[in-house]
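In: Here is a sequence together with a model predicted from it:
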Protein chains: 2
Amino acid sequence: MSSTSFAKKTFKSIKGSAQKALHRSLDQHVKLAVTGLSGSGKTAFITALVKHLTTQSDDKNLPFFDVMREHRHIATKVVPQEALKVPTFDYPRALNALLPSDGEPTWPASTERINTLRLAIKYQSASGLRGHFSPQSTLYLDIIDYPGEWLLDLPMLEQSYSQWCEQQYPLLLQHPRVNTSTEFLNALEQLDLNASVDEGLLAHIAALYQSMLVGLKKDTKLAMLQPGRMLMPGDLQGAPLLLFFPVSAQHIKSDEVVPGSNLAHLIKRFNAYVKEVVKPFYNEHFKHFDRQIVLVDVLSALNEGHETLQEQSSVINQLLAHFNYGESGFFKRLFKPNIDKILFAANKSDHISAKHHKDLALLLDSLVHEQSNHLKFDGVQIETMAMSSITATQPRQVADKGQTLDCIYGKPLNEQDWLTYLPPQPPNRMLNKNEWPAQGFEFLSFAPMPNPDKQLKHIRLDHVMQYLLGDKLS
Amino acid sequence: MSSTSFAKKTFKSIKGSAQKALHRSLDQHVKLAVTGLSGSGKTAFITALVKHLTTQSDDKNLPFFDVMREHRHIATKVVPQEALKVPTFDYPRALNALLPSDGEPTWPASTERINTLRLAIKYQSASGLRGHFSPQSTLYLDIIDYPGEWLLDLPMLEQSYSQWCEQQYPLLLQHPRVNTSTEFLNALEQLDLNASVDEGLLAHIAALYQSMLVGLKKDTKLAMLQPGRMLMPGDLQGAPLLLFFPVSAQHIKSDEVVPGSNLAHLIKRFNAYVKEVVKPFYNEHFKHFDRQIVLVDVLSALNEGHETLQEQSSVINQLLAHFNYGESGFFKRLFKPNIDKILFAANKSDHISAKHHKDLALLLDSLVHEQSNHLKFDGVQIETMAMSSITATQPRQVADKGQTLDCIYGKPLNEQDWLTYLPPQPPNRMLNKNEWPAQGFEFLSFAPMPNPDKQLKHIRLDHVMQYLLGDKLS
């Protein structure tokens, strides 16, 4: 070996180690929270995200995702997660439902608990320090899927039991809840708040309240169903801290609570729920999230009617108020969350004509930004998009009396026959009650398309990826 | 009002406050842990305990419970529990199963999770300071019912993954597990421990291991089923820390674990299970227990055969080893538990003739004390008893060829007809394999007796109460 080649080799090896060290330090971690009410398409979104990053990762499929367009993506794979106590998102099962080896594709079963999956995204840096020195970087992406109901418990952190009652109880007397709240309200009338605690009676009334919430969740798209954990109690089923319910706030005078009374126990349980269920979730998970996507099924809410859409809007705005990062921000003081980008995505945009996608995005924007004058997002970006994680329809143009109608073609959910159908046009902003069409809205739901080529199709998933991850892959 | 009567009244009132203050300070709290493998009768025991203390609390019913015999018991009632996050023991439902308003009585459904109930026992003190000054004292009794499997995870706290494998893996190759372990063992053969982690394969093999454990729990009385939480995963279903299993220990060389390999992940998960599941249970609950009753279904174990009884014995002795409170006691160093009395109770003694109850107690004693020479119970009392929380049979004497046979009369479980039956005699000590009768043992199980008077009957429940609570009610 000549001295030159030896020197060369040593230099190479030093360069190698330096690269390795630099490479390690440049690896990044992003925790992406995926949430939305059940039926909003969380499982489908995550499945699509993983599928497109792992086996459909090219510039033709994801042209608006810079790392793909610039051919800098090397490979992405699922790697073991760090959080061993959190169930793993069952990607193989979800993918198998959508792309079965034989039989009809079906939507994957929704998960009702928090679960997670880690991806390692290997890529070439675009430029600068990272591009110059490092042959490749890795972005570790933790996807955390959690029930939207847990997010919606967030405002309870700031409420006393009496404030919570002030907000929740009147809802029970109004349409659409009043149809299902009668049994609970009748039982509530038998309860003497100042009497010595009757645990059996509290448990009985709480069971009626729980079954009312479960029914509303099943049959409606109402957003304000609290306490959220009552809808999926898991190991907490039967624990006293889940056995509470709202009462008429006018019966509560906080300076006159009789110790040991029914009221005293309701207050104790509400406080325990907030302290031992809501707060730990935010401490253990929420405050570590870097990015958040909230999936909203706007079309189903439109189907439900004005009150439901109004409630979704009001809940979103309540949540956004918590993200107020100004000096006095309650949320910031309490948790110092990391989230710097939130995306509200109107999912299932393939269920309407392409030319109305913009209306859908504008409508969601008007829901989200209704109170934007009152909000200051100090350091948090908010974006809205209409998208479709997995398209279930194909566009079809149909000639009708000299006109061309922009229809869609698909197999309506739970039906046998395929259909070419002209979907209604969604409004492009929140309508007030008088503007609401008398006949309401009726958007169909579709089964997933068969994909013999084993490729999933999407609408604007690449835009979503670019917004949520683009800067981390530059 | 005369000045005398005024002075009198003031004195009375001062005396009243002093009594009240003293009374408060003399109230005591006891946390009684109730455990045992599923089917050992935990739910029936707790139901009987509550029923006898609340509505059958007299000296005729509980003559060996001092506070009853001495007529010092005032009243006991269920009061709200402190631990709001722990489900409440469903006493009304359990009682309703045993004493239905109409229809046949049934055994209450077993609970598979931790749950609790608080009783307030008001009593007159026997003598001394408390008796002199205080008209009555209250003992708050927290009953905590938890799955025996959680207790049996205790030894894992001291083990490494490789030590755990050394203990668990050989069991899978022996009778009786070998009948059900084939599928798991075959799958295990496909696993290259040193290959890069294949999460799907680990999950698949873990699922086979889990279904084997669940089957063994259902069909046998084997005690050593680890990890215990795999049998009732609750919110942890699908979490990686439950996705591990034992492998042949000879394949593990702890100094040669390949990072990122299947073996590395099995070790990581085992450690996470111990740290995030087993340890928190002992920290949050176990170390606060004052008294513990372990219910053992010795008769069913005898039915199962020599290996099963042997395993129960070995598990009990392993557990007792952990209660060694000597200077080097691992358990004491780690948790400083409060437990000062443990009772092992051979439940269901009504399923044999009364004259053999002593044999049953001696047999359990021989299981528990087999290794007593090796144990030093520094400050912990251990006792064994044969008892029956709820008697399901009546004694019947039957004349047969000039002999009087001590039979029992009852309705065998899942059968229509009542039966007078001569149960076999249990051995009065642990038998070795050669001594085991060739035909084995066959003890019947019985449905609960109808009790038209709404009173439950027991055997030696008063002895159990006296042992566990007597000193606290003196």
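Out: Noted; the coordinates are in hand.

In: Can you name the residues that contact the residue lying closest to A:Gly39 once chain neighbours are set aside?
Out: Spatial nearest neighbour of A:Gly39, excluding adjacent residues (C-beta to C-beta, 6 or more residues apart in numbering or on different chains): A:Asp297 at 5.9 Å. Glycine gets a C-beta too; all of them are placed from N, C-alpha and C. With contact taken as C-beta atoms under 8 Å, 6 or more residues apart in numbering or on different chains, A:Asp297 is in contact with A:36-37, A:39-41, A:221, A:346-348.

In: Filter the residues you listed down to the ones in helices?
Out: Of the contacts of A:Asp297, none are assigned to helices by DSSP state H.

In: Distance of the residue nearest to A:Gly39 relative to B:Ser160?
Out: Distance, A:Asp297 to B:Ser160, using C-beta to C-beta, to the nearest Å: 49 Å.

In: same deal with A:Leu84?
Out: Applying C-beta to C-beta to A:Leu84 and B:Ser160 gives a distance of 17 Å.

In: Compare these two (neighbour count), which wins?
Out: Using other C-beta atoms under 10 Å in any protein chain shown, the more surrounded residue of A:Leu84 and B:Ser160 is A:Leu84, with 23 against 15.

In: per-residue pLDDT, the more buried one?
Out: pLDDT recorded at A:Leu84 is 95.

In: Now it: phi and psi?
Out: phi -80, psi -10 (degrees, to the nearest 10).

In: Most proximal residue of the stretch 201-350 of chain A with respect to chain B?
Out: Distances between the stretch 201-350 of chain A and chain B by C-beta to the nearest C-beta are smallest at A:Gly238, namely 3.4 Å.

In: Make sure that residue is actually in contact with B:Lys85.
Out: No - in this structure, A:Gly238 is not within contact of B:Lys85 by C-beta atoms under 8 Å, at 10.8 Å.

In: Show me which residues of the stretch 251-400 of chain A sit near chain B.
Out: By C-beta under 8 Å from any C-beta of the partner chain, the residues of the stretch 251-400 of chain A that approach chain B are A:265, A:268-269, A:272, A:276-277.

In: CSV for the residues you listed, including secondary structure, neighbour count and pLDDT?
Out: Conversion of those to CSV gives the following (DSSP: H, G, I helix; E, B strand; the rest coil; neighbours: other C-beta atoms under 10 Å in any protein chain shown; pLDDT from 0 to 100):
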residue, secondary structure, neighbour count, pLDDT
A:His265, helix, 21, 97
A:Lys268, helix, 18, 97
A:Arg269, helix, 23, 97
A:Ala272, helix, 18, 97
A:Glu276, helix, 14, 95
A:Val277, helix, 22, 95
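
In: In PDB, could you pull the C-alpha coordinates for stretch A:440-447?
Out: Output of stretch A:440-447 as PDB, limited to C-alpha atoms (Å, rounded to 0.1, in the frame of the first residue of the first chain):
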ATOM      1  CA  GLY A 440     -81.800  19.900   3.100                       C
ATOM      2  CA  PHE A 441     -78.800  18.200   1.500                       C
ATOM      3  CA  GLU A 442     -78.400  14.600   0.600                       C
ATOM      4  CA  PHE A 443     -74.900  13.500  -0.300                       C
ATOM      5  CA  LEU A 444     -74.400   9.700  -0.800                       C
ATOM      6  CA  SER A 445     -71.700   7.600   0.800                       C
ATOM      7  CA  PHE A 446     -69.700   5.200  -1.400                       C
ATOM      8  CA  ALA A 447     -67.900   1.900  -0.900                       C
END
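
In: what sits against A:Gly41?
Out: Neighbours of A:Gly41 in contact, by C-beta under 8 Å, 6+ apart: A:295, A:297, A:347-348, A:389.

In: which among these end up buried?
Out: For the contacts of A:Gly41, a burial check counting by 16 or more other C-beta atoms under 10 Å in any protein chain shown picks out A:295, A:297, A:347-348, A:389.

In: Would you map out the domains in chain A?
Out: A:12-150+A:286-393+A:451-473, A:154-282 (automatic domain parsing).

In: Distance to B:Pro105 added to those, as JSON lines?
Out: Formatted as JSON lines, these follow (distance: least, C-beta to C-beta, whole Å):
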{"stretch": "domain A:12-150+A:286-393+A:451-473", "distance to B:Pro105": "36"}
{"stretch": "domain A:154-282", "distance to B:Pro105": "21"}
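
In: Which one of those lies nearest to B:Thr47?
Out: Each of the domains of chain A has some distance to B:Thr47 by C-beta to C-beta; the shortest is domain A:154-282, at 15.6 Å.
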